[in-house]
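*Asks:* need a structure here:
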Amino acid sequence: MKTLMIIGGSIGFLMGIGLGMGRSNDWATILVRASVAACVAGTLFKWWAKVWLKSIRDVQEARLSDFDAPATNPDNQ
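*Replies:* Numbering: from 1, shown residues only. Next up is the predicted model:
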């Protein structure tokens, strides 16, 4: 999860710098906005990673419970 947070922060920082340079802002404004964008993007990526891992665990548990369930034969009831 740390890796995804770092990737998200890096993406947010690069997007902040790119958009700031595109708007021809001064460097102080660009760095502040890029830092805020890095924090927001890192937090969003962390949240997304938690949701993603939880859904993977839920699917694995569902598959294991289906696999462990005793097979019932409708003809022998």
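
*Asks:* mind showing which ranges of the chain have poor pLDDT?
*Replies:* Within the chain, the ranges that satisfy pLDDT under 70 run 68-77.

*Asks:* what's the longest helix in it?
*Replies:* Taking DSSP state H as the assignment, the helix of the chain that covers the most residues is helix 27-68.

*Asks:* Tell me the gap between that helix and the middle of its chain.
*Replies:* 2 Å (C-alpha atoms, centre = their mean, to the nearest Å).

*Asks:* And it, what does it pack against?
*Replies:* Judged by 3 or more C-beta pairs under 8 Å, 6 or more residues apart in numbering; DSSP states H and E, the packing partners of helix 27-68 are helix 2-22. Yep, even glycine has a C-beta here, placed from its N, CA and C like the rest.

*Asks:* counting contacts, what elements does the helix it packs on pack onto?
*Replies:* Under the contact criterion of 3+ C-beta pairs under 8 Å, 6+ apart, helix 2-22 touches helix 27-68.
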